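Participant: Need coordinates for the following:
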Amino acid sequence: ASYQQPLSGKLIDLYYRDQVLRQLLDEAEKKFGRNTREMQAYWDFINREDQRLFEELDALLKEYGWPARSKVGGQANAAAFLILQHAPLEQQEEFLPLMEESVKNKESQGSHFAMLYDRVSLRQGKPQRYGTQVDGFGNGQYELPKLEDPSKVDEWRAEVGLGPLSVYLKRYNITWPPKK
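Facilitator: Got it, this is the predicted structure:
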């Protein structure tokens, strides 16, 4: 492939390092319990690793810019998004415009941008636009945080390649639109 192999390889390595600890979360929670010291230690470890991974991503983004799919491939492009999803708010805010530009140029997935946009909005205390984020309570119950404009949410979702909110929320047993 004509991909930028060194950059692509580094991003894919970051992806695997990001995901391996998250793949073990359910097993750790079953073994130790949800709100235990062991799970707190596990999350502390994940958070430290997230910071290390972001520092590596940050250096790559500052050197190469946002990794375009045509240059690094889809998996490496998605890796940058995943690492950024787990970064502190200030860092998400810094790189969100680069990702938005990449989506406009059809070099990143619109759904990834929507997820990051919503995550940043909620972390800033604002409503989400695309309805990609749900709150879970650990007992199989979920709720949809506030939306910017419920009457436009499906239109905005379609613009970034997402299906209707009602379909997405079925997996969380959330009825949309909510019953009055």
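
Participant: Any idea how many residues pack against the closest residue to residue 61 other than its chain neighbours?
Facilitator: Nearest non-adjacent residue to residue 61, counting by C-beta to C-beta, 6 or more residues apart in numbering: residue 95, 6.2 Å away. Glycine gets a C-beta too; all of them are placed from N, C-alpha and C. By the measure other C-beta atoms under 10 Å, the count of residues near residue 95 is 22.

Participant: Show me how far stretch 56-65 is from its chain's centre.
Facilitator: On the basis of C-alpha atoms, centre = their mean, to the nearest Å, stretch 56-65 sits 18 Å off its chain's mean C-alpha point.

Participant: How about stretch 29-38?
Facilitator: Stretch 29-38 has its C-alpha centroid displaced from the chain centroid by 24 Å (C-alpha atoms, centre = their mean).

Participant: With stretch 66-82 instead?
Facilitator: Remark: stretch 66-82 is offset 14 Å from the chain centroid, using C-alpha atoms, centre = their mean.

Participant: Equivalent analysis for stretch 43-52, please.
Facilitator: Distance, stretch centre to chain centre, for stretch 43-52: 16 Å (C-alpha atoms, centre = their mean).

Participant: what comes into contact with that stretch?
Facilitator: Here stretch 43-52 makes contact (C-beta atoms under 8 Å, 6 or more residues apart in numbering) with 17, 18, 21, 22, 83, 86, 87, 88.

Participant: Lovely, talk soon.
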